[in-house]
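>>> what follows is a predicted structure for the sequence shown.
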Amino acid sequence: MIMKHSYKICWLAMIVLPFFQLSCKKTIDLNPTHTLDGDVAFKQISDYEAALTGAYSRLLSVNYYGSSNGSNAFATLSDMMTDNLFESGESLGNYQSFSHWTYTADEPNIEATWLAAYRVIQQANLTLRNIDALSADAPGAVNRIKAQALALSGFVHFDILRYWGEGSQRNSTLKGIPYSSSFDIEQKPARLSVKASYDAIINDLMQAKLLMQNMDKPIQSATSTASTARGYVDEIATNAMLARIYNYAAEPDSAIKYASLAIAARPLASRTNFPLVWQDASTADVIWSVKFTPLNSGTGDNVYYATGNRASYRPATNLLSLYDVSNDIRYTSFFQVRPRGSSSRLVLTKYLAKQSQLATPDGITDFKVLRTGEMYLIRAEAYANKGLDGLALADLNSLRAARINGFIAGTETGAALVTAIFNERRKELVAEGHRWFDLKRTTRVVNRTTNCSVFCTLGSTAREWAWPIPQSEILANKNIEQTTGY
């Protein structure tokens, strides 16, 4: 992580005020008269509970899952960079360096994304620091807090690996990422290989699962409402994380195992409930979501800025053509014709508003990080990769039947089945942070055909599939290597 003095100031703010998202500027403006040291401040379980809340709150950053005209790096940016969305005439050009693949090591939003991710990890590491000293008195509470911090750390490291890793295969010796496993703002970690990065990620998640077997109370509240339910990382979410990670790593047996556990715990949403999921009126299909309110607005301003009525990036024709417009509940749940001035256009409204705000949409909704629909597609892909076409088709048909009224079971096999699975991923997971990585991990190309005259194709071997390490990090950390080609 970048270890400039200005960033240390922000980290002190995280220790003192873990519930709030404070910018460096706001932190400096506070001119604090004292600071807290982790060894002194964290003496009871409530201190660690607060620190864990701080780790969750860091996911609300505009460069993680948040918005406020941010890049939504792990939400909508993946679609903006590929063939799912095209840049419209309403765009102000703020993110052309991404959609045009012209970013370099001094791109400010790449640095901001790097920092946003490692800030979550640092807060998780702060939560873990010295917590074992309380194990004798409160072992169940310690296990519950540690498990969530470890799972968050592993999963966020995986998100960093998705953008910055030079490969996706489990045993790749290509450059991976720096792994931060302790709270130390002076550390200057080197990049691990992709394999070693996976090893560390999976180890954290497996430790989390083990700790979750002996806790003082469930992680999710039994009295949760739709507005609060599924807001924490429990064992179901950890299984879903592992399913995604093993799918990226092309380890189908493990992907099947953990996807199956998640599916058994969280069934698919019905066609009646599915639209309510995107209005935050139902948690059907939701395994884990990051909660947004008007106080911490999020998530989809670049695909449709509700309060400003701007759609900088709109759905591409070849994406829309995949849907059964009349019968697929996803089409009406994800897209709407919305007016702008004297005309109207079709925009992606997956993050339009909560149910209570639909009359005057504000673009504020929870971000659904993990869903059952993805788990079905992970398992279908893993079965197909093992040559078990019958099982793969059964999962694919189950998902399609749950989304499409009157669906007639498909009969695809072989290459046609694999194509159908990836087409279904486009339809099901649009603007949920997947398309760029689906193309990257399968060494495919970006091929844009909607309103495209330049920056229409990105080859499978282009350097841009792996982001450059921010130049400020290169300058601050003598141990880190730049991504190949930059």
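Thanks, I have it. These numbers were taken from a predicted model, which means no experiment stands behind them. Numbering: from 1, shown residues only.
>>> show me where the stretch 1-150 of the chain has helices.
5-16, 24-30, 38-41, 45-57, 77-80, 96-99, 108-128, 139-164 (DSSP state H, counting those that start in this stretch).
>>> minimum distance to Thr442: which of these has it?
Nearest to Thr442 among these is helix 139-164 (13.3 Å), distances taken as Cβ to Cβ. C-beta coordinates here come from the backbone N, C-alpha and C atoms, glycine included.
>>> circling back to that earlier point, would you turn the helices of the stretch 1-150 of the chain into TSV with mean neighbour count and mean pLDDT?
Listed next are the helices of the stretch 1-150 of the chain as TSV, based on neighbours: other Cβ atoms under 10 Å; pLDDT from 0 to 100:
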stretch	mean neighbour count	mean pLDDT
helix 5-16	16	34
helix 24-30	13	30
helix 38-41	12	58
helix 45-57	20	96
helix 77-80	26	95
helix 96-99	19	96
helix 108-128	23	96
helix 139-164	24	98
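>>> I'd like those as CSV, with distance to Glu473 appended.
Converted to CSV, the helices of the stretch 1-150 of the chain look like this (distance: least, Cβ to Cβ, whole Å):
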stretch, distance to Glu473
helix 5-16, 11
helix 24-30, 16
helix 38-41, 24
helix 45-57, 21
helix 77-80, 20
helix 96-99, 18
helix 108-128, 7
helix 139-164, 11
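>>> report the central residue of this protein.
Closest residue to the average C-alpha location of the chain: Phe74 at 4.4 Å, with Cα atoms, centre = their mean.
>>> roughly how far does it sit from Leu85?
According to Cβ to Cβ, to the nearest Å, Phe74 and Leu85 sit 16 Å apart.
>>> for the nearest residue to Pro470 once chain neighbours are set aside, give its distance to Ser472.
Spatially, and ignoring its direct neighbours in sequence, Pro470 is nearest to Glu111 (3.9 Å; Cβ to Cβ, 6 or more residues apart in numbering). Look at Glu111 and Ser472: by Cβ to Cβ, they are 6 Å apart.
>>> what's the answer for Thr457, then?
Relative to Ser472, and taking Cβ to Cβ, Thr457 is found at 31 Å.
>>> quick one: which of these two has more around it?
Counted by other Cβ atoms under 10 Å, Thr457 and Ser472 do not tie: Ser472 has more neighbours, with 18 against 13.
>>> show the pLDDT at that one.
Ser472 is assigned a predicted lDDT (pLDDT) of 96.
>>> and what of Phe183?
As predicted, Phe183 sits at a pLDDT of 85.
>>> one more: the one 3 residues further on?
At Glu186 the predicted local distance difference test score is 81.
>>> Three-state assignment for it, please.
coil (DSSP: H, G, I helix; E, B strand; the rest coil).
>>> please apply the same query to Gln336.
Secondary structure state of Gln336, per three-state DSSP, is strand.
>>> that one: what's it in contact with?
Going by Cβ atoms under 8 Å, 6 or more residues apart in numbering, Gln336 touches Leu346, Val347, Thr349, Leu352.
>>> mark which of those are buried, thanks.
By neighbour count, with 16 or more other Cβ atoms under 10 Å, those hold Val347, Thr349, Leu352 as buried.
>>> one step back: to Asp438, which of the helices of the stretch 1-150 of the chain lies closest?
With respect to Asp438, and counting by Cβ to Cβ, the nearest of the helices of the stretch 1-150 of the chain is helix 77-80 at 8.6 Å.
>>> any idea how far that closest one is from the chain center?
From the chain centre to the centre of helix 77-80 is a distance of 12 Å (Cα atoms, centre = their mean, to the nearest Å).
>>> so, low pLDDT: which residues of the chain?
Within the chain, the segments meeting pLDDT under 70 span 1-40, 68-71, 298-301.
>>> for it, what spans make up the strands?
85-87, 286-290, 313-315, 335-340, 343-348, 367-371, 446-447, 457-458 (DSSP state E).
>>> the third one pairs with which strands, parallel or anti?
According to DSSP bridges, strand 313-315 has the following sheet partners: strand 85-87 (antiparallel).
>>> can you check the second one too?
Taking DSSP bridges as the criterion, strand 286-290 sits next to strand 367-371 (antiparallel) in its sheet.
>>> need the residues that contact the partner strand.
Residues contacting strand 367-371 (Cβ under 8 Å, 6+ apart): 65, 75, 237, 240-241, 244, 262, 277, 285-290, 292, 298-299, 351, 432.
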